[in-house]
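K.L.:
Here is my input, please return the structure:
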Amino acid sequence: MRVQRLALGLVAFTGFTIAAPAPLDLVVRDNFSTDNCPGYEASNVEKTDSTITADLTLAGDACNVYSPDIKDLRLVVEYQSKDRLHVKIFDKDEQVYQVQEELVSRPQHGETPSDDALLEFELVEKPFSFKITRKENDEVLFDTSGRQLIFESQYVGLRTSLPKNPNIYGFGEHSDPFRLPNVDYHRTLYNAESPNLPTNVNLYGSHPVYFDHRGDKGTHGVFMLNANGMKVDLNVTESGDQYLQYNAIGGIIDLYFLAGKQPAEVSKQYADTVGYSAMFPYWTFGFHQCKYGYWDVNMVAEVVGNYSTAGIPLEVMWTDIDYMDGRQDFTTDPERFPIAKMRELVSTLHSRGQRYVLILDPAIHFKEGYKPYEQGHEMGVFYKNEDGSDYLGVQWAGTMAWPDWLHPNTSKWWAEQIATTFSADNGIDLDGIWVDMNEASNFCSDIDCNPLDDQGNPPKVEHDPRPNTGRPIPGFPEDFQPSRRSLTRREDKYKGLPGRDLFVAKYDPVNQRGNLSGYTIWTNNTNADGTKVYDTHNLHGHAMSRVTYDAMLARRPGLRPMVLTRSTFAGSGRKATHWFGDNASIWEHYRLSIRQMLAWVSMHQMPMVGSDVCGFNADANEQMCARWALLGAFQPFYRNHAEIHAIQQEFYQWPLTIKAAKKAIDTRYKLIDYAYTALYYQTTEGTPMINPLFFLYPEDENTFGIQDQWFYGDALLISPVTTDWAENVTFYMPKDTFYDYWTGQRVEGLGTNVTRTGVSWTDIPVHVRGGTIIPQRANSANTTAELRKENFVFIVAPDANGKAKGRLYIDEGEKIEQKQTTELDITWDNGKIKVEGKWGYPGLNGESIKIESFKVLGQEDVQIGDLGENSKFDSASGSVTVQGSWNLDADFEVHI
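P.N.:
Presented below is the predicted three-dimensional model:
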């Protein structure tokens, strides 16, 4: 890059016109209530066996409350499947922005005859409104007649009535209650960096889907495919009528109604709509460790060694931006993280069966001689000002340019940077990538920022924090002591109306970071396909995740990529995992991690999620960290991570956390095959691997608001201590048969709360639901590779009728295409175990595919004399264990 280009960049940036765009012909009217808007009337209604179409025309004088009304609209209704109904309202000229199908795929229209559908669409022509009804019981699920439709260039408003005191869930990402409040509740969907996870505001992701649970009347879901900034209101009218209202600053109405009727069926139908989650590698279920502020590569190695010394298994080591040279992507600090030592670190981890993950940010340093920038500039991948110079902002490294993830060259450029930097031959042979700051986060607070003057003031580690450097690191070479110094341009359709104010929406969606361009990429930027960032802001992290997934796949063809992202949109689970961002080391965020997990796994179809265990910001303490180590072990993604100014909080730092972590990880690892099986069926069937209690007990009203308990899979009820500094817990036991996971003893649930006292800091209540069978390994191990050499044991938990069932899926663990797999159905029926299914996985590299025992709980009434010679009764737990050796290669039966 030449100095002349820098000068041009300054002139272009500071001189870039940000005045209001040319107005449309219609004049916006101030002080005009939306209650007086005319709405629309339908005409030219045409019906087929599976579709309804109509023209919608403004029914009176335009109200132009927030922006000019659009006079002519089009309605398309599709009975896409038996359980999915699609309703789309858009401008007749098809100029208003619609989400790119390359980013969020659409389900196929199966042309189901309306008579066969579970839902019914009813149209009122004048004034236009529509209603969705469940045919089975005439339950009205959605009714827009209470308020007229408003469809303007920068505001779209749609209201539906709800029953009184509804059970509404979803609309992530937020830190609010799992079951949403229904009076004066407002949920903004506008992706934003969110340190400390504030409440009642927009956070990192936008998922405009909600579940409406009505007990024995059924559960249904509604997905609004609209990526524009949006505020959703849950409230009551002056007359006491409950409603839900969408208020979007652009886009169209693109609704998918999911019939259910069971909660888990709605979840599956949502996966059918936005796409099923990717299957992630087996090793991702291991325990992960990270911290922002690890001084150098030697300190990273020391953490690994300290876990070994403490006897705590560690599967994956992570490094934050500390490894970068000047916090620039695709670089390493030559003194603190020299490439030779980084390669030695990774090769040592791999030799121990461990993995390594590094972070990348979307912003690229605007700097002469920095190859990722110069190559990206030459390929034209960065957002551009009107004069063709690169749009600039401020991030960690200083003045930055941002890739346009929709540019046709960006995928190639990004993949080349990843392939070069993380080459197995001469780079850092990492196993996964973590993409951060991709809302996108910009240190410029508003459009008055000059990034060439403001270089930011990012925190830095000024010295090596370790008091005793230079000591040998267990398990590493003695000399491990480094020096201490994709899309094409869209056709003319759907790009967004001209003449809009791309910096200001007169309707305020209430972004916690200020105006639309506050602390993010300016919303007047144009994407390569002709769309505007005003419309695509919420898709930035989603698009980056997709490009990163493809780049990792190109780097290691045939292997499942592991991409962790902070910013998401509906359907992000197809390519990425997610953690819940920069939480804090406080009890409330310990509890928050539960309700966030419940929504993401069961409703947003992103199963591999979790929080920063022990908290990211501020200092953790021993007791809370011990509790969190146990809680996190029963969440899908399990990583300890802390901020640069926080104290060290690795599990080996305190006696209590050492004890809690050993118990937690030992249990987690034994159960990995159970969790991996649940993940597999979520990725193939949409069946949630984490279940809110009402998913399994949908008619029990006591479960509808529970947000501190969950089912890990469908068998294990987790009921952690959630009160600050407490050693007792009150939790709900549904009316069912359960067994204490730790003791095996039967517990009859009565549909009441149960209080348990004296729950030590290293304990967590776990119960097995009657009617389930849990596959687990006989012993734990230090890594998942070693774990796979352990035999299986099956825990059988009969229900009140003496029956139980379970599943087990086994594959190689990392390849996308699995040619040899085993899928088993295991059943128990009053004394007989039957194992049958599809056999194919042979067991590789010394892995075990043998069952060494079946442990049947709840056998207090068994006649000991009737037991076989290989069966043993345990009077303390009331269980019978059948010892043996059964190969997982053919159907068989076992009798006790």
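K.L.:
what does the average pLDDT come to for stretch 78-97?
P.N.:
For stretch 78-97, mean pLDDT rounds to 98.
K.L.:
Report the buried residues of it.
P.N.:
Within stretch 78-97, the residues scored as buried using 16 or more other CB atoms under 10 Å are 78-81, 83-91, 95-97. All C-beta atoms are positioned from the backbone trio N, CA, C, and that covers glycine.
K.L.:
Would you map the strands across the stretch 101-250 of the chain?
P.N.:
Here the stretch 101-250 of the chain has its strands, by DSSP state E, counting those that start in this stretch, at 119-124, 129-134, 139-143, 150-151, 156-161, 167-170, 185-189, 209-213, 219-224, 230-236, 242-248.
K.L.:
mind putting those in TSV, distance to residue 681 included?
P.N.:
Below are the strands of the stretch 101-250 of the chain laid out as TSV (distance: least, CB to CB, whole Å):
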stretch	distance to residue 681
strand 119-124	26
strand 129-134	27
strand 139-143	27
strand 150-151	41
strand 156-161	32
strand 167-170	21
strand 185-189	29
strand 209-213	20
strand 219-224	19
strand 230-236	31
strand 242-248	31
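K.L.:
distance of residue 216 from residue 342?
P.N.:
Distance from residue 216 to residue 342, counting by CB to CB, to the nearest Å: 59 Å.
K.L.:
Which of those two has more residues huddled nearby?
P.N.:
Taking other CB atoms under 10 Å, residue 216 and residue 342 do not tie; residue 342 has more neighbours (23 against 9).
K.L.:
Which strands and helices lie in contact with the one helix or strand the more buried one maps to?
P.N.:
Using DSSP states H and E, residue 342 maps to helix 339-351. Counting contacts by 3 or more CB pairs under 8 Å, 6 or more residues apart in numbering; DSSP states H and E, helix 339-351 is packed against helix 297-310, strand 355-360.
K.L.:
what about stretch 833-846, average pLDDT?
P.N.:
Mean predicted confidence for stretch 833-846 is 96.
K.L.:
Off-centre distance for that stretch?
P.N.:
31 Å (CA atoms, centre = their mean, to the nearest Å).
K.L.:
Domain ranges for the chain, per the record?
P.N.:
Following automatic domain parsing, the chain resolves into domains at 39-274, 680-895.
K.L.:
Residue 297 is nearest to which of these?
P.N.:
When these are compared by CB to CB, domain 680-895 sits nearest residue 297, at 20.9 Å.
K.L.:
mind listing the helices in the stretch 351-500 of the chain by residue range?
P.N.:
Ranges of helices within the stretch 351-500 of the chain are 371-379, 410-421, based on DSSP state H, counting those that start in this stretch.
K.L.:
just the chain next, same as before
P.N.:
Assigned by DSSP state H, the helices in the chain fall at 3-14, 263-274, 297-310, 339-351, 371-379, 410-421, 533-536, 540-555, 587-602, 622-632, 655-670, 672-685, 693-696, 784-787.
K.L.:
do you know which of those lies nearest residue 47?
P.N.:
When these are ranked by proximity to residue 47 (CB to CB), helix 263-274 comes first, at 23.6 Å.
K.L.:
helices and strands around that closest one, which ones?
P.N.:
When contacts are defined as 3+ CB pairs under 8 Å, 6+ apart, helix 263-274 sits against strand 84-91, strand 209-213, strand 219-224, strand 253-258, helix 587-602, helix 693-696.
K.L.:
Export the ones you listed as CSV, with columns for distance to residue 120.
P.N.:
As requested, those are exported to CSV (distance: least, CB to CB, whole Å):
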stretch, distance to residue 120
strand 84-91, 8
strand 209-213, 17
strand 219-224, 13
strand 253-258, 10
helix 587-602, 27
helix 693-696, 26
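K.L.:
Residue 131 and residue 122 touch, don't they?
P.N.:
Yes: contact criterion CB atoms under 8 Å: residue 131 and residue 122 qualify, at 4.5 Å.
K.L.:
More neighbours: which of those two?
P.N.:
Shown here are residue 131 and residue 122; by other CB under 10 Å, residue 131 has more neighbours (17 against 13).
K.L.:
Can you name the residues bridging to the more buried one?
P.N.:
Residues in a beta bridge with residue 131, per DSSP bridges, are residue 122, residue 143.
K.L.:
on that earlier part again, could you single out the most deeply buried of the helices of the stretch 351-500 of the chain?
P.N.:
Highest mean neighbour count among the helices of the stretch 351-500 of the chain (mean count of other CB atoms under 10 Å): helix 410-421, with a mean of 20.
K.L.:
so how far is residue 745 from the closest residue to residue 878 other than its chain neighbours?
P.N.:
In space, and not counting its chain neighbours, residue 878 is closest to residue 860: 3.9 Å by CB to CB, 6 or more residues apart in numbering. Distance of residue 860 to residue 745, computed by CB to CB: 9 Å.
K.L.:
Show me the common contact partners of these two, please.
P.N.:
Counting by CB atoms under 8 Å, 6 or more residues apart in numbering, the common neighbours of residue 860 and residue 745 are residue 878.
K.L.:
So between the two, which is more surrounded?
P.N.:
Using other CB under 10 Å as the criterion, residue 860 and residue 745 rank with residue 745 on top: 17 against 13.
K.L.:
deepest of the domains of the chain, which one?
P.N.:
Looking across the domains of the chain with neighbours counted as mean count of other CB under 10 Å, the highest average goes to domain 39-274: a mean of 20.
K.L.:
any idea how far that domain is from the chain center?
P.N.:
Mean C-alpha position of domain 39-274 versus that of the full chain (CA atoms, centre = their mean) differs by 22 Å.
K.L.:
when you give positions from now on, start the count at 29
P.N.:
OK, 29 is where the count begins now, so the last one is domain 67-302.
K.L.:
Ends of that domain, what's the gap?
P.N.:
The straight-line separation of the ends of domain 67-302 (CA to CA, to the nearest Å) is 30 Å.
K.L.:
wait, what's in contact with residue 721?
P.N.:
Counting by CB under 8 Å, 6+ apart, residue 721 makes contact with 728, 731, 734, 737-739, 745, 760, 762.
K.L.:
and if you look at residue 817?
P.N.:
809, 874-876.
K.L.:
which stretches of the stretch 379-528 of the chain aren't confidently modelled?
P.N.:
The stretch 379-528 of the chain contains residues with pLDDT under 70 at 482-499, 509-518.
K.L.:
Walking through it, point out its strands one by one.
P.N.:
Assigned strands in the stretch 379-528 of the chain, in chain order: 383-388, 392-393, 420-423, 426-429, 460-463 (criterion: DSSP E, counting those that start in this stretch).
K.L.:
What are the buried residues along stretch 414-434?
P.N.:
Buried residues in stretch 414-434, counted by 16+ other CB under 10 Å: 417-434.
K.L.:
So for that stretch, first residue to last residue, what's the gap.
P.N.:
18 Å.
K.L.:
Run the chain-centre distance for it.
P.N.:
Centroid separation for stretch 414-434 versus its chain: 27 Å, with CA atoms, centre = their mean.
K.L.:
For residue 431, see how far away residue 404 is.
P.N.:
7 Å.
K.L.:
and residue 835, what are its bridge partners?
P.N.:
Residue 835 has these beta-bridge partners by DSSP bridges: residue 853.
K.L.:
distance of it from residue 239?
P.N.:
Noted for residue 835: a distance of 25 Å to residue 239, by CB to CB.
K.L.:
Low-confidence regions, the chain specifically.
P.N.:
The model of the chain has pLDDT under 70 over residues 29-60, 482-499, 509-518.
K.L.:
Who are the contact partners of residue 244?
P.N.:
Contact analysis of residue 244 by CB under 8 Å, 6+ apart lists 726-727.
K.L.:
just to revisit the earlier point, pipe the domains of the chain into JSON lines and attach distance to residue 470 per row.
P.N.:
Compiled in JSON lines, the domains of the chain are given as follows (distance: least, CB to CB, whole Å):
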{"stretch": "domain 67-302", "distance to residue 470": "9"}
{"stretch": "domain 708-923", "distance to residue 470": "34"}
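K.L.:
Alright, calling it a day.
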